[in-house]
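J.: Give me coordinates for this.
(2 chains)
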Amino acid sequence: MIKRIIPLFLLSGNRLVKGTNFSSYIDTGDPLSQAKIYDAQGADEIIILDINASKSGKVISSELLRKIASACKLPICAGGGIKTLQDARELFLNGADRVVINTHALLNPDLIKHLADEFGSQAIIVSIDVKKTQQGKYKVYIFSGKVPSEVDIFKHIELCIKLGAGEIMLTSIDKEGTLSGFDIELYKSVRERFDIPLIASGGAGNYEHIATLFEKVDCEACAIGKMLFLRDYDIVRIKSYLIGKAIIVRNS
Amino acid sequence: MLKRKVSIIDYGIGNLLSVREAFRFLGCEVNTCKEPEEVKSLDILVLSGVGNFSSAIQKIKQKNLFDAIDTHVKEGKPLIGICLGMQLFATVSYENGIHKGFNWIKAKVERLDENESRVPNIGWREIKHLDNQIFKRLRDSSFYFMHSYHLVPEENSCIIATFQFGKAQIVAAVKKDNIVGFQFHPEKSQADGIRVLYNTLESLK
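T.: Below you'll find the model as predicted:
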């Protein structure tokens, strides 16, 4: 199976941002020009999330999506504030190939079923943000890592799968933006229990982190943020390194 | 540049924007068509779409497009199907019940076998192709897939590409007379995807 390398775009207003542990965000550029760059480098997909949408009761801008989808020839996953079928439909009509739901998947799990019935499971990614507790358990957070929930991570994933989620994107809040490597144990614990396509997110900081993830966890993809936007790495060199480690990626 | 007239069937679901942009990129004049009258006198039809088989067929019928599209194909005019659009070529689909398709290719649509690999099948898969026209001059041969169901033709003669799914060989593309279908998304598969669309347009006279 070809592993996907996915630049993760966090949108705030009409700019991209990047933070550490879901706070201290700084500007990382214009979304359209960044999308063109990563398309040219041979990224396997782009995930673009509006980090303020749920809090402010809005949905990620379909106008921006339209611009990106018109300029790029790679799959685009979009999320941020999706609450209804109509919200999602608007995004699909404007160039999204898949939608990402997080907060409202937890607040209203039936949304997953409605979306999957209408658009198919393959088009629905459920994103889950977790923080490790002192007892070593994982706590699920919503509203871009701001609000803790009492839901058990494994029960939540089980329900998402039952209702029709096509892929899980799992982000470690503790690792996010730290450039210190992925939380391998987290992804292992999910892979042991569930056989659903899985995107690991949070912590990529160098080539070795990505290679280690794919060597130790049977996951389909990894999402990368700061390492691409604020450090001297690109998709072509990341893939070259992975090929050297005998990890199967698509030539770019 | 290919100055072909391409019309994308718009039955209300799916990301048609990317399909439209891909054909525009190749120099085609691209329209979307929503009415049966528009289907007549057209050059190349494109049937795209996401979601489930039965609701796609239902929507096509509600908009009175079914007979117009069927006539277009039976008159020997070209049509390109993408993803669910290709699955609609089949006789019957077993997605949430039993539903009839266009029956251009004697085939059934079945769910991918979870014992072979994870379902849905999402991401890039390397294909094995048998058609030197449509798959010529590729850099790589990986394409972007996202689906849970797949086409199972009665006869192998229409299959022009397959991919490995666990131990199974799954249909990645079909061609029969004037119709070509892709299970993957050429419009989302970067340079090789665009190349495949170009080759397809060239092959469809």
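
J.: quick one, what contacts residue 30?
T.: By default, I'm working from chain A. A:15-16 (C-beta atoms under 8 Å, 6 or more residues apart in numbering or on different chains). For every residue, glycine as well, the C-beta is placed using N, CA and C.

J.: wait, I meant chain B there
T.: The contact partners of residue B:30, taken as C-beta under 8 Å, 6+ apart, are B:6-8, B:20, B:23-24.

J.: And residue A:135, by the same measure?
T.: Here residue A:135 is in contact with no residue (C-beta under 8 Å, 6+ apart).

J.: Which of the helices or strands spans it?
T.: Using DSSP states H and E, residue A:135 sits within no helix or strand.

J.: So what does it look like in phi/psi?
T.: Here is the backbone geometry of residue A:135 (degrees, to the nearest 10): phi -80, psi 0.

J.: So which elements touch the lowest-mean-pLDDT helix or strand in chain B?
T.: Least confident helix or strand of chain B, by mean pLDDT, DSSP states H and E, is helix B:36-39 with a mean of 86. For helix B:36-39, the elements it packs on are strand B:5-9, helix B:66-74, judged by 3 or more C-beta pairs under 8 Å, 6 or more residues apart in numbering or on different chains; DSSP states H and E.

J.: in it, what counts as buried?
T.: The neighbour-count check on helix B:36-39 (16 or more other C-beta atoms under 10 Å in any protein chain shown) flags B:38-39 as buried.

J.: Same check on stretch A:30-41?
T.: Neighbour counts using 16+ other C-beta under 10 Å place A:31-32, A:34-35, A:37-41 of stretch A:30-41 among the buried residues.

J.: same for chain B: which of these are within range?
T.: Among the buried residues of stretch A:30-41, the ones lying near chain B by C-beta under 8 Å from any C-beta of the partner chain are residue A:39.

J.: where does residue A:22 sit relative to residue A:145, distance-wise?
T.: To residue A:145, residue A:22 is 3 Å away according to C-beta to C-beta, to the nearest Å.

J.: Quick check: residues of the stretch 151-252 of chain A near chain B?
T.: Contact residues (C-beta under 8 Å from any C-beta) of the stretch 151-252 of chain A with chain B: A:166-167, A:195-197, A:220-221, A:250-251.

J.: go on, the stretch 1-150 of chain A?
T.: Counting by C-beta under 8 Å from any C-beta, the stretch 1-150 of chain A sits next to chain B at A:1-2, A:4, A:39, A:42, A:44-45, A:66, A:69-70, A:73-75, A:89, A:92-98, A:117-123.

J.: can we see that at 7 Å?
T.: A:2, A:4, A:42, A:44, A:66, A:69-70, A:73-75, A:92, A:94-98, A:118-123 (C-beta under 7 Å from any C-beta of the partner chain).

J.: List phi and psi for the residue in chain B sticking out farthest from the centre.
T.: In chain B, the greatest distance from the average C-alpha position (C-alpha atoms, centre = their mean) is reached by residue B:115, at 25.6 Å. Dihedral pair for residue B:115: phi -70, psi -20, per degrees, to the nearest 10.
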